[in-house]
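> coords please:
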Amino acid sequence: MRNILEIMNKKMRFLGLLLFSIATSFCAYSQEKDDATIDALIDELFFNDQQFIDEVLETNFSYNFLYTSLSYNSNTFFSGRDSGIDQFNVIPQISYYHSSGFNASISGIYYQNFAPSWDFTSVSVGYFNSLGKSRNIIYNLGYTKYFYADDFDDFTNSIDISLGIRNKKRTLGTTLSGSYIYGTDNSYQLVSNSFVSFNLYRTTHFALRFRPTLSFVVANQTFGKYTLRIINGRRVFVYSSTEVFDLLNTQLGFPISFSKKSWDVELGYYLNLPNAVADETNLKNTSFFGFSVGYLFDLSKKK
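Predicted coordinates for the structure are as follows:
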């Protein structure tokens with residue numbers, strides 16, 4: 001019989017990967033051509049890497065750069081679910097992009113009250129490009145390897161694909177990302193991200209935007225429980241599990257971003273609407289504040 005804590009840890013780890021993948025997922029939308037290159041593009045980058053992918057693809061110039069970011073969330077919820085532990089989390093990330101389409105990143109997640117606090121490190125490689133004459137469709141193919149702080153090996157790899165589309169004025173957009181996660185166990189997930197963008201104030205090298213977002217997380221997940229039964233006059237715990245592929249969480253985001261030259265800062269409020277599946281009941285809505293800062297290093301910039 002599997003230990004209750006082991007089952008809870010496995011479930012938490014999987015839902016933690018969903019949290020992490022949303023925070024670092026690709027979401028592509030673009031800006032019109034201009035001559036300002038990197039400085040004019042950075043105001044669209046922030047923490048949504050694939051949004052910037054679309055930007056640089058549409059400008060048709062060669063690029064070679066690093067983008068660093070640090071994200072702080074005031075509380076931690078797993079697919080919108082409250083674990084019963086109030087704790088913040090921090091997600092640092094370093095990403096590399098080349099005009100050939102190659103991209104790579106290294107990231108991880110730090111939990112305030114878990115032991116060990118640094119849960120895992122991920123390393124990703126991928127290839128992105130655009131479709132159609134108007135280049136309003138972007139795709140990215142990638143592979144991710146997870147390195148855990150302990151001996152957890154249920155989910156150590158993932159194969160990822162994302163497809164994004166936006167309108168010509170880049171005020172509306174949607175991305176659908178799918179991942180197959182595997183190790184000694186396996187699962188799969190779909191994450192949808194949509195946005196509406198409003199310019200609150202903008203000049204050549206400065207932008208202030210409000211970009212409401214709507215996200216859905218659908219995943220294959222096993223929910224297990226122990227039931228107390230009387231067998232041959234003895235009380236025993238009997239384990240049973242239910243496997244579902246269903247909507248786990250809907251998230252509404254209300255971020256305001258500030259961009260200037262190579263810097264990008266964002267502050268937002270996020271509301272989770274978790275969907276009860278299997279034997280779950282009475283799931284409460286949860287919310288948190290997120291703060292992120294990013295900086296771009298242009299490796300090809302002439303001295």
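> give me the neighbour count for residue 264.
By the criterion of other Cβ atoms under 10 Å, residue 264 has 25 neighbours. To be clear about C-beta, it is placed using only N, CA and C from the backbone, and glycine gets the same treatment.
> can you classify it by secondary structure?
Following DSSP: H, G, I helix; E, B strand; the rest coil, the label given to residue 264 is strand.
> and if you look at the one 4 residues further on?
The three-state label given to residue 268 by three-state DSSP is strand.
> Three-state assignment for the residue nearest to it when sequence neighbours are not counted, please.
Distances taken as Cβ to Cβ, 6 or more residues apart in numbering put residue 255 closest to residue 268, at 3.0 Å, once the chain neighbours are dropped. Of the three states, residue 255 takes strand under three-state DSSP.
> just residue 155 next, same as before
The three-state assignment at residue 155 reads coil, by three-state DSSP.
> isn't it up against residue 189?
No: using Cβ atoms under 8 Å, residue 155 is not in contact with residue 189; the gap is 10.6 Å.
> give me the more crowded residue out of these two.
More neighbours surround residue 189 than the other of residue 155 and residue 189, with 24 against 21 (other Cβ under 10 Å).
> I'd say that one and residue 246 touch.
No: in this structure, residue 189 is not within contact of residue 246 by Cβ under 8 Å, at 11.2 Å.
> list residues touching both of those two?
218, 219 (Cβ atoms under 8 Å, 6 or more residues apart in numbering).
> just the CA trace of the helix or strand residue 181 falls within, in PDB.
Secondary structure assignment for residue 181, by DSSP states H and E: strand 172-182. The C-alpha trace of strand 172-182 is given here as PDB (Å, rounded to 0.1, in the frame of the first residue of the first chain):
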ATOM      1  CA  LEU A 172      -6.200  40.400 -29.000                       C
ATOM      2  CA  GLY A 173      -4.400  37.100 -28.900                       C
ATOM      3  CA  THR A 174      -4.600  33.400 -27.900                       C
ATOM      4  CA  THR A 175      -2.100  30.700 -27.400                       C
ATOM      5  CA  LEU A 176      -2.700  27.000 -26.900                       C
ATOM      6  CA  SER A 177       0.100  25.000 -25.400                       C
ATOM      7  CA  GLY A 178       0.300  21.200 -25.000                       C
ATOM      8  CA  SER A 179       2.800  19.100 -23.000                       C
ATOM      9  CA  TYR A 180       3.400  15.400 -22.600                       C
ATOM     10  CA  ILE A 181       5.100  14.900 -19.200                       C
ATOM     11  CA  TYR A 182       6.900  11.700 -18.400                       C
END
